[in-house]
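In: predicted model, plus sequence, below.
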Amino acid sequence: MVSFTLNGQQKEFDGDPDTPLLWVIRDAEKLTGTKYGCGVAQCGACTVHLDGMPRRSCVTPISMVDGSEVITVEGVSGKEADAVKTAWAGLDVPQCGYCQSGQVMSAVALLQMVPKPTDADIDGAMAGNICRCATYHRIRAAIHNAANSMEG
Amino acid sequence: MTLQDLNTSRRGFIAGSGLVIGVAIAPKFLSAAPTGVRAGGDSALLPMNTFVRVGTDDTVTVLSKHIEFGQGPFTGLATLVAEELDADWSQMRAVHSPTENKIYANLAFGLQGTGGSSSIANSYEQMRKAGAAARAMLVAAAANEWKVPASEITVEKGRIKHAASGKESGFGAFAEKAAKQMPGEPKLKDPKDFKLIGTELPKLDTRGKINGTAIFTLDITPDNLLIAVVAHPEHFGATVKSFDDAEAHKVQGVVDVKQVPSGVAVYADNTFAALKGRDALSIEWDLSKAETRSSEELAAEYVRHFREPGIEATNKGNVDDAFKATGVQSIEAEIVFPFLAHAPMEPLDAVFIKSGDGSVDIYNGAQFPAMDQQVAAKILGMDEKQVRVNTQLAGGSFGRKAQFGSPYMQEAANVYKASGGSRPLKHMWTREDDIRGGFYRPMYAHRMRGAINADGQITAWEQSIVGQSIMGKADLDSTSVEGASNLPYAIPNLKVTSHNVKLVIPPLWWRSVGHTHTGFAVETFVDELFQKIGKDPVEGRLALLKDEPRHAGVLKKAAEMSNWGSKLPEGRMRGVAVVESFNTYVGQVVEVSVGPEGTPQVHKVWCAVDCGVAINPNVIKAQMEGGIGYGLGAVLFDAVTLGKGGRIIQSNFHDYRSIRINEMPDVAVEIIKSSEKPTGVGEPGVPPVGPAVANAWRRLTGAPVRQLPIVNIVSA
C-alpha cells in the first residue's frame, strides 16, 4: 500500500507497485491534465511536482512516491503558477495544447527556483519538454513575461 | 452550403422531423456523459442554424465542422460568425460539430474533413452567412417583441438596440424567439466594415489548455473502462504467425488477449497492465510479405529510376535542345529524402461507449469523422446511424489523422469488436506504435539538372522525382510533383517527371505534403544556380518572379525585415527561400552558424506570409512560428529508417528527435496586407525553412545538403 498526497488530498494505492505515477494519476485518480506522450521521460508531457521538484511521472514508479507530495497542473498554485498561467494566456501560447500542462509545470518549477531566468536558464529547464506544435518561441517569451510580472 | 440548406436545417429542427443536428445528435452531444465532454455554455443553447447556437446566458456557440488540433479553426470560424453577427468576442464559444457528412462537409472536398489548410478558405463565406442569418433572426425576434421595424434595429458588440425607443437587449433574451424566425437571404458586410476580422483576438481554446481542463480523447474515462493496446510488428507487411499469451494473462489487471488483423490486442483494467501485458506477449511474425529491404537499399533502387523516362508532369519549351546548345554549362544534383513520422504529441486513440439502446458513441480526434463513422459501422456490423463519432480536441495531427479508409479506425473498431463490447473501451497507441506505425511522409529521390548559358542565364530546368504516390495512383500523382511541376521561376525550358514506387509501407501526407520535398529541392537547387552565376539569392529570385507578384511580395518583405545584405557577425550566414503552398505564399530568411554539434544552429527566422485577407493575425503568426519549428526539426534531425532486413530502427523521441526549445530560433512574422480571398496557414509555414537553412549552410560551409536529415551528414 502506497500513501501520498495528490494536490493536498491524502491518497492510497494498492495496485502494482511498479505502476508509473502517471497512470495512477490518470487511471486511478482520473486527473487527466497530466498527459502521456512517450513513456520514457523524453517529452515532459507528464511533468508533475514531486515534493516540490519537477518530475516525469511516466518513469516514476508509485512505490517511490510513498509519503510524498504530488502536485499536478490541476492543483498547482502560488504566485509563480498564477504568473505563468497569466503569461501563457496573454501570449496565447498553446496550439494543440496537449503538452502544455507539462510545459506549465516545468515553467512554474523554474520560476520557483530562478525568479528571473536567463534564456540559458530557460533552455536548461525547458529542453525536456517537447512541443510538436513548436510553440517554443512563445513559451520563452511567456516565461520572461511571467518573471517580469512577479517583480516588486 | 447555401442559405437554402441553412433554412432547411432549421425548419427540420423546428418541425421535430428528426433532422440530425437539431434533434437526434445535439442534445446527446451537448450533455454527453463521459467526464469532461461538454459544450460551450451551461445554459440552454438555442439553434439559429446548423452552425450557430445562442444561449439564454448570451453565449454564442459556433459548431466547428473542422477539428481543432492547434491550427486555430475554433477561433477562426468563430471570428467569421461573430463578425457578421456583430457579437462581442467575449461571448463567443466553439465546440466540434457533430458528424454529418452533408451538412458539415468541407466545401473544398465534398466530405466532412479537415486538411489541405482549407478550414478558413472553405468556411469564409459559409460561416459569415451563418453569422449573418443568426443576426437577422435575432433582429426579427426583437422587432416583433418591440413592435418596431427591423430596419431600425442595430446590433453592436452583442447588444441589440432600437435607438428611437431606447430599447436594448442582449442576445440571450431573444434566443428562443429568434430560433422560430425565418431569415431572408442575409447581406454580408463589405470587408471595409469588418470590426473583428483582421484583429488579434485571443484564441477561444487557450484557457483550458493551460489549467489542464481541456479534454482530449485520451482523457475520456468512463467508469468500468477497458484499456486496449495492440502489439504491432517491427516490419511493414508482417502478419501474426503464432503467439503465446500465457505470460500476459499472468499480469494483474489483464482481462483478455485477442488476435486482430493488425496484431495482437491486450485488454486490461488499467493502462499499465495493458502495456505490461503487451510486453509479456511472445509473437512469431510471418515476414513472407514484409518489406525486408533497408532504407539504404531502397534509396539505391529509387535512383535507378532516374534512367527511365517517367511520367511527364510538365514539359515546356525544349529541355534537351537547351542543354545541347553551345556554351551551356550543366549543373546537376541528387537529393534523397527520408521517411518522416508526424509524431503528434497525442498518439492515436479512440474511445468506444455502448448505450443502452445498443448504439455506440466513438470519441476520437476525427480528422475525417464521417469516414471514421462509415468504417467503424461496417466493422461493427451496425447501421451508420447507430454509430456516432464525437470529434474531440486532438493533440496535434500534422496530417496523421487524415486517412482515406481510416486505417486507424479500422484497427480501433476491430479491437473493440473483439472485446465483445460489453465494457467501454479505450484503444490507444504508444509513442513506439506511433513512430513505427507507418503512414509516413514517403521517401523521395530528386534528380535535378540546370542549364546556364554563356550569358549567365538559367535556360533550362529538368527535375525527376521518385517516390510513393500518396494518393495510390498508377499515373501522375499531383501531390508528388506540386511545387516543382508549377515552378514559379521564369525558366524557358522546363521538364518535370515523376516515378511512382510501390511499397507495403503506407504513405501519407505530412504537413505541407509534396512541398515538404519539392520546396526543398527547388529552392536549394535554384540557389545553387544563382551562386554559380554570381547572383544574389534575393535579386536572382526576384528577376525570375516578374510574373509572380505574390511570391515576389513575400520575398521582398522577408528580405526587408532581415535587412538583407547587411554585415553579419563572424561565422554567420543567411539563406532565403520562398514557397507557395495551398495558395498561401511564404518567404523566409534565416541566419545560421555552425552549432556545438557541428550542425546548423538557426538564430533567427524572418517570415513574410501572404494568405489573402488575414482573419486572425495572432493565429496566422502562431502557425508560421509553429510551422517553422516543425519544418526545421525535420530537416535537421528526423528520419524513420529501415535497417538491414527491413526492421524499423527508431522507436521514440530519443532516436526520432524532435526540435526542442534550445534549438528553436527567434521568429519574426509579418503578414502582407491583401484583399484576396483568405487561404490557409496550417501548412505553408513549413516548406521554406528547410531550404533556407540548407542554402545558408552551403554558403557558410561549402557543403550542399544532398541528404536529409542534416544531422546525419554532419556527423557522418
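Out: Perfect, I can see it now.

In: near chain A, which residues of the stretch 551-700 of chain B?
Out: Proximity of the stretch 551-700 of chain B to chain A, by Cβ under 8 Å from any Cβ of the partner chain, involves residues B:618, B:622, B:625-630, B:632-633, B:652-654, B:658-662, B:664, B:666-667. The way it works is simple: take the backbone N, C-alpha and C, and place the C-beta from them, glycine included.

In: would you map the strands across chain A?
Out: Taking DSSP state E as the test, the strands found in chain A are A:2-6, A:9-13, A:47-50, A:53-56, A:69-71.

In: rebuild these as CSV, extending it with mean pLDDT.
Out: Formatted as CSV, these follow (pLDDT from 0 to 100):
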stretch, mean pLDDT
strand A:2-6, 98
strand A:9-13, 98
strand A:47-50, 98
strand A:53-56, 98
strand A:69-71, 98
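
In: out of these, which is closest to B:Trp606?
Out: Closest approach to B:Trp606 among the strands of chain A (Cβ to Cβ): strand A:47-50, 32.7 Å.

In: strand partners of the closest one, parallel vs antiparallel please.
Out: strand A:53-56 (antiparallel), strand A:69-71 (antiparallel) (DSSP bridges).

In: using a markdown table, lay out those together with mean neighbour count.
Out: Supplementary listing: those in a markdown table, determined by neighbours: other Cβ atoms under 10 Å in any protein chain shown:
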| stretch | mean neighbour count |
| --- | --- |
| strand A:53-56 | 20 |
| strand A:69-71 | 21 |
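
In: now stretch B:210-218: mean pLDDT?
Out: Per-residue pLDDT over stretch B:210-218 has a mean of 97.

In: show me the helices in the stretch 251-400 of chain B, by range?
Out: B:271-279, B:295-304, B:319-324, B:369-380 (DSSP state H, counting those that start in this stretch).

In: hey, which of those helices is tucked in deepest?
Out: helix B:271-279 (a mean of 24; mean count of other Cβ atoms under 10 Å in any protein chain shown).

In: send the alpha carbons of that one over as CSV?
Out: Extracted C-alpha coordinates of helix B:271-279, given in CSV (Å, rounded to 0.1, in the frame of the first residue of the first chain):
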residue,chain,number,x,y,z
THR,B,271,-3.1,1.3,-18.9
PHE,B,272,0.0,0.0,-17.1
ALA,B,273,-1.4,-3.6,-17.0
ALA,B,274,-2.2,-3.3,-20.7
LEU,B,275,1.4,-2.2,-21.5
LYS,B,276,2.9,-4.8,-19.2
GLY,B,277,0.7,-7.5,-20.7
ARG,B,278,1.7,-6.5,-24.2
ASP,B,279,5.4,-6.7,-23.2
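
In: can you redo the strands of chain A as a markdown table with distance to B:Thr199?
Out: Below are the strands of chain A laid out as a markdown table (distance: least, Cβ to Cβ, whole Å):
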| stretch | distance to B:Thr199 |
| --- | --- |
| strand A:2-6 | 42 |
| strand A:9-13 | 43 |
| strand A:47-50 | 34 |
| strand A:53-56 | 37 |
| strand A:69-71 | 37 |
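
In: per-residue confidence at the residue nearest to the spatial centre of chain A?
Out: Centroid-nearest residue in chain A: A:Met105, 2.6 Å away (criterion: Cα atoms, centre = their mean). At A:Met105, the predicted lDDT confidence score is 98.

In: list the contacts of it.
Out: A:Thr47, A:Val48, A:His49, A:Pro54, A:Thr72, A:Val73, A:Val76 (Cβ atoms under 8 Å, 6 or more residues apart in numbering or on different chains).

In: what's the closest of those to B:Ala164?
Out: Set against B:Ala164, the nearest of the contacts of A:Met105 by Cβ to Cβ is A:Val73 (52.4 Å).

In: ok, now which ones touch the closest one?
Out: Going by Cβ under 8 Å, 6+ apart, A:Val73 touches A:Gly33, A:Thr34, A:Val48, A:Ser101, A:Val104, A:Met105, B:Asn211, B:Gly212.

In: can you list these in JSON lines and add distance to A:Gln95?
Out: Converted to JSON lines, those look like this (distance: Cβ to Cβ, whole Å):
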{"residue": "A:Gly33", "distance to A:Gln95": "17"}
{"residue": "A:Thr34", "distance to A:Gln95": "19"}
{"residue": "A:Val48", "distance to A:Gln95": "22"}
{"residue": "A:Ser101", "distance to A:Gln95": "14"}
{"residue": "A:Val104", "distance to A:Gln95": "14"}
{"residue": "A:Met105", "distance to A:Gln95": "18"}
{"residue": "B:Asn211", "distance to A:Gln95": "16"}
{"residue": "B:Gly212", "distance to A:Gln95": "16"}
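
In: B:Ser330 reaches B:Ile458, doesn't it?
Out: No - under the criterion of Cβ atoms under 8 Å, B:Ser330 lies out of contact with B:Ile458, with a separation of 11.4 Å.

In: mutual contacts of the two, please.
Out: B:Gly450, B:Ala451, B:Ile452.

In: pLDDT at the last one, what is it?
Out: The one in question is B:Ile452. Reading off the model, B:Ile452 has pLDDT 98.

In: is it in a bridge, and if so with what?
Out: Bridge pairing for B:Ile452 (DSSP bridges) gives the partners B:Gln329, B:Ile458.

In: now do the one 10 residues further on
Out: With DSSP bridges as the criterion, the beta-bridge partners of B:Glu462 are B:Arg449, B:Lys495.

In: repeat that for the one 4 residues further on.
Out: With DSSP bridges as the criterion, the beta-bridge partners of B:Val466 are B:Ala445, B:His499.

In: check contacts around it.
Out: By Cβ under 8 Å, 6+ apart, the residues touching B:Val466 are B:Tyr302, B:Val303, B:His305, B:Phe306, B:Tyr444, B:Ala445, B:His446, B:Ser498, B:His499, B:Val501.
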